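>>> Next comes the sequence, and after it the predicted model I'd like to discuss.
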Amino acid sequence: MIPHDPNFKNLFQDFPRETLQWLFPQAEQNWGKIVSIEFTRQEPKKHHLADAGLALDLPILFHFENQQLLLW
């Protein structure tokens, strides 16, 4: 089985506006144009430098003209 979670995270990280429009096209119709986009990801500390990367969420805060949306 191939995990697709990293692919979706990469799409949102590389193309946040386009991916949001693809998954939730009515967002801009409901709340106005996207004013700014913030990635609020925080990296936890590793116990050892040799530890592999951790699986992290990718919270994104979209600021619209009339609303904010935190996509987690």
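Yes, it's here.

>>> Quick check: what element follows the helix or strand bottoming out on mean pLDDT in the chain along the chain?
Sorting the helices and strands of the chain by mean pLDDT, DSSP states H and E puts helix 5-14 at the bottom, at a mean of 84. Later in the chain than helix 5-14, the nearest helix or strand by DSSP states H and E is helix 16-23.

>>> Count the residues that sit near the closest residue to Leu11 other than its chain neighbours.
Spatially, and ignoring its direct neighbours in sequence, Leu11 is nearest to Thr19 (4.8 Å; CB to CB, 6 or more residues apart in numbering). All C-beta spots, glycine's among them, are computed from the backbone N, C-alpha and C. Residues lying near Thr19 (other CB atoms under 10 Å) number 17.

>>> Equivalent analysis for Pro6, please.
As a burial measure, Pro6 scores 11 neighbours (other CB under 10 Å).

>>> From Ile60, how far out is it?
15 Å (CB to CB, to the nearest Å).

>>> For the residue most central in space within the chain, name its beta-bridge partners.
Closest to where the C-alpha atoms of the chain average out (CA atoms, centre = their mean) is Ile60, at 4.0 Å. Beta bridges link Ile60 to Phe39, Leu71 when assigned by DSSP bridges.

>>> surely Ile34 meets Thr19?
No. Taking contacts as CB atoms under 8 Å, Ile34 lies outside contact range of Thr19: 11.7 Å.

>>> show me what contacts Glu28?
By CB atoms under 8 Å, 6 or more residues apart in numbering, Glu28 lies in contact with Gln21, Ile34, Phe64.
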